[in-house]
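S.K.: Just need the structure, nothing else, for what follows:
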Amino acid sequence: MTSEPNRHEGVERVVTSGTFSLDGGTWEVDNNVWLVGDAHEIIVIDPAHDDERIMDAIGDRRVVAVVCTHAHNDHVNAAPALADRTGAPLLLHLDDRLLWQQTHPDRAPDGYLSHNRRLTVAGAELTVLHTPGHTPGAVSLHAPDMGTVFTGDTLFQGGPGATGRSFSDFPTIIRSIRDQLLTLAPDTVVRPGHGASTTIGAESADLQKWIDRGH
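M.R.: Next up is the predicted model:
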């Protein structure tokens, strides 16, 4: 587990390790947990696996919200504990409620995200983009003042997120990427749920072949 602070950009990455389980299979995974804000307040995106490790990275800052880009267990398994420990509301898109209940049947989110909803932290604004396909309620969070978009498992360095399991759909994720993400500025930094960051411009050319397949 590693932490890569980038506080001059208002973004920090904490990498935590655990498992992802769905459709009877289980896989070892490393997840990116994103902390967005400043030295005083932050939003936590996709708290995975290890609430203690994430709390260490938060320190004494106020958590404005705990946001899940989608409800696969490896993106939400530490969310209730983190929300309870910080007193921050836990937010998820309503269309992922069935997936959420598979991991947390006795704890509902505190609120639901919707397309174009705006979240404010440390004077910066994050706009919710509904980007279904990997899951029905998958969202990305666009922070134009920071020149970045947090894409969860919708867009990675090298292409779209996986769509071979329950609740996913390939043509839908292609439409989401084409209509919601590729319309952003080419130099927008893409910060995904796993692996390295990239840019919209770097992914646009290669994604054309995926878009062609999605028609």
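S.K.: okay, and the helix or strand of the chain with the least pLDDT?
M.R.: For the chain, using mean pLDDT, DSSP states H and E, the weakest element among its helices and strands is strand 2-6, scoring a mean of 41.
S.K.: Pull the next helix or strand after that one out as CSV, backbone CA atoms only.
M.R.: Once the chain leaves strand 2-6, the next helix or strand it forms, by DSSP states H and E, is strand 11-22. Extracted in CSV, the C-alpha atoms of strand 11-22 (Å, rounded to 0.1, in the frame of the first residue of the first chain):
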residue,chain,number,x,y,z
VAL,A,11,-5.2,15.7,-5.4
GLU,A,12,-3.6,12.8,-3.5
ARG,A,13,-3.6,9.1,-4.3
VAL,A,14,-3.6,6.4,-1.7
VAL,A,15,-3.2,2.8,-3.1
THR,A,16,-4.8,0.1,-1.1
SER,A,17,-4.9,-3.7,-1.7
GLY,A,18,-7.6,-6.3,-1.3
THR,A,19,-10.0,-8.4,-3.3
PHE,A,20,-12.8,-7.9,-5.9
SER,A,21,-15.6,-10.4,-5.9
LEU,A,22,-18.5,-10.8,-8.4
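S.K.: Name the strands paired with strand 11-22 and say parallel or antiparallel.
M.R.: Paired neighbours of strand 11-22 in the sheet (DSSP bridges): strand 2-6 (antiparallel), strand 25-37 (antiparallel).
S.K.: which of those is buried the deepest?
M.R.: strand 25-37 (a mean of 18; mean count of other CB atoms under 10 Å). Heads up, the C-betas are built off the backbone N, CA and C, glycines and all.
S.K.: tell me the contacts of residue 42?
M.R.: 35, 36, 58, 61, 62, 63, 64, 121, 122 (CB atoms under 8 Å, 6 or more residues apart in numbering).
S.K.: which residues of this protein fall in helices?
M.R.: 51-58, 73-76, 79-86, 97-103, 170-176, 200-214 (DSSP state H).
S.K.: what does the average pLDDT come to for the second one?
M.R.: To tie it back to what came earlier, the one meant is helix 73-76. Averaged over helix 73-76, pLDDT sits at 96.
S.K.: Quick one: distance of it to the chain centre.
M.R.: 10 Å (CA atoms, centre = their mean, to the nearest Å).
S.K.: Take the helices of the chain and lay them out in a markdown table including distance to residue 28.
M.R.: Shown next, in a markdown table, are those (distance: least, CB to CB, whole Å):
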| stretch | distance to residue 28 |
| --- | --- |
| helix 51-58 | 17 |
| helix 73-76 | 10 |
| helix 79-86 | 20 |
| helix 97-103 | 17 |
| helix 170-176 | 24 |
| helix 200-214 | 26 |
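S.K.: For my notes, please list the strands paired with strand 11-22 in TSV and give distance to residue 131 for each entry.
M.R.: As requested, those are arranged in TSV below (distance: least, CB to CB, whole Å):
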stretch	distance to residue 131
strand 2-6	23
strand 25-37	16
